[in-house]
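Novice: Sequence first, then the predicted structure:
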Amino acid sequence: DAGVIQSPRHEVTEMGQEVTLRCKPISGHNSLFWYRQTMMRGLELLIYFNNNVPIDDSGMPEDRFSAKMPNASFSTLKIQPSEPRDSAVYFCASSLEGAGNQPQHFGDGTRLSIL
Amino acid sequence: GQQLNQSPQSMFIQEGEDVSMNCTSSSIFNTWLWYKQDPGEGPVLLIALYKAGELTSNGRLTAQFGTTRKDSFLNISASIPSDVGIYFCARGAAGNKLTFGGGTRVLVKP
């Protein structure tokens, strides 16, 4: 079975450029999560969707970050303009909807470097 | 926000040793999850716990949901080199969110 698929796996770009990260959740999962992982702050939840609707975006660092889920099989996380401090590994995860007790399944992440 | 305290932050293992790590919180939760992350990959679910006192095994891994519902531990028995990685505890919260601990980095003794 296909797991959560993220692209690209690696992205290196100059500051000020727009960055778009993509995620395809596991088929049948109706919750999707975007995380950021850094050495200093660990795994941080940025935003999550239930049934394509954003439920909680309180973890989105600032207005430069935006996320969309136009349909059940695709989501994007966009950073515009990007800054060096955005360098991190960004993970997408999906799960069945539930009251905080549904295990989340992670993609392999996008390693983002902003120069 | 509510924090999870995971310890130790790192540990060295020697092949064949049993190792243990734990997670504590000041609040009561209904779900504890344990994940492992290998280099260059995303976290992979190891064990899920849903009931206070629950003890669950997955191969050489054993995890328990503390009876106070504020803590959990993960044991690895007879460790092998591929046990190296970062282990995360996570707790379920309102809605469908998880909060993750800071991770325990397991390394091989030189």
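Specialist: On my side now, so go ahead.
Novice: Is any residue of stretch B:35-44 near chain A?
Specialist: Yes. Judged by Cβ under 8 Å from any Cβ of the partner chain, stretch B:35-44 comes into contact with chain A at B:35, B:40, B:41, B:42, B:43, B:44. Where you see a C-beta, it was placed from the backbone N, CA and C, and this is true even at glycine.
Novice: Going by distance to residue B:5, which of these wins?
Specialist: Residue B:5 has its nearest neighbour among these in residue B:35, at 16.5 Å by Cβ to Cβ.
Novice: Mind putting the residues of stretch B:35-44 next to chain A into TSV with distance to residue B:54?
Specialist: As requested, these are arranged in TSV below (distance: Cβ to Cβ, whole Å):
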residue	distance to residue B:54
B:35	17
B:40	32
B:41	27
B:42	25
B:43	21
B:44	20
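Novice: Same list, those, but as JSON lines with pLDDT, secondary structure and neighbour count please.
Specialist: Listed next are the residues of stretch B:35-44 next to chain A as JSON lines, based on pLDDT from 0 to 100; DSSP: H, G, I helix; E, B strand; the rest coil; neighbours: other Cβ atoms under 10 Å in any protein chain shown:
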{"residue": "B:35", "pLDDT": "96", "secondary structure": "strand", "neighbour count": "26"}
{"residue": "B:40", "pLDDT": "89", "secondary structure": "coil", "neighbour count": "10"}
{"residue": "B:41", "pLDDT": "93", "secondary structure": "coil", "neighbour count": "14"}
{"residue": "B:42", "pLDDT": "95", "secondary structure": "coil", "neighbour count": "22"}
{"residue": "B:43", "pLDDT": "95", "secondary structure": "coil", "neighbour count": "27"}
{"residue": "B:44", "pLDDT": "95", "secondary structure": "strand", "neighbour count": "13"}
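Novice: How about the residues of chain B by chain A?
Specialist: B:30-31, B:33, B:35, B:40-45, B:48, B:50, B:88, B:92-103.
Novice: Residue A:102: which of the residues of stretch B:35-44 next to chain A is nearest?
Specialist: residue B:35 (13.8 Å).
Novice: Once you drop chain neighbours, what's closest to that closest one?
Specialist: Spatial nearest neighbour of residue B:35, chain neighbours left out: residue B:43 (3.8 Å); criterion: Cβ to Cβ, 6 or more residues apart in numbering or on different chains.
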